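Asks: using only what follows, build the 3D model:
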Amino acid sequence: MTLMPAVQAVTFAVRAFPAFRFLFRLRAVAVRAGGRPFPGLGARLRAVRAGTTDPVFAADPRRLPIPTAALPILSAAPALLRL
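Replies: Numbering: from 1, shown residues only. Okay, the predicted model is just below:
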């Protein structure tokens, strides 16, 4: 069971990298759209819409579901394996 924390850490990193990459790309779009370093709500909402509809961002959200689903499974696995 000492291997489980390492597996969880790798899974978290596999999930965190594309998630933060997607968020930073959305922020860059909002900054460009708003023209200010701290964009307003309207620019942020337009960036989120672009992130969900624009084909440029299509690959980013597709990378998240499998590692996201794996994290709670890996967290519950030690308790379930003791039964």
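Asks: in the chain, where is pLDDT below threshold?
Replies: Scanning the chain for pLDDT under 70 picks out 1, 83.
Asks: contact partners for the residue nearest the centre of it?
Replies: Nearest to the geometric centre of the chain sits residue 19, at 2.1 Å (CA atoms, centre = their mean). Residues near residue 19 by CB atoms under 8 Å, 6 or more residues apart in numbering: residue 64. Every residue, glycine included, has its C-beta placed from N, CA and C.
Asks: can you tell me how far it sits from residue 64?
Replies: Per CB to CB, to the nearest Å, residue 19 is found 6 Å from residue 64.
Asks: what's the answer for residue 7, then?
Replies: Between residue 7 and residue 64 the distance is 18 Å, computed by CB to CB.
Asks: got the buried residues for the lengthiest helix in the chain?
Replies: The longest helix of the chain (DSSP state H) is helix 4-34. Within helix 4-34, the residues that qualify as buried by neighbour count (16 or more other CB atoms under 10 Å) are 8, 11, 14-15, 18-19, 22, 25-26, 29-31, 33-34.
Asks: same list (these) but as TSV, adding distance to residue 40.
Replies: What follows is those, written out as TSV (distance: CB to CB, whole Å):
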residue	distance to residue 40
8	38
11	36
14	33
15	29
18	26
19	24
22	21
25	19
26	14
29	13
30	9
31	11
33	10
34	6
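Asks: skip ahead from the longest helix of the chain and say which helix or strand is next.
Replies: Proceeding N to C from helix 4-34, the next assigned helix or strand is helix 41-53, under DSSP states H and E.
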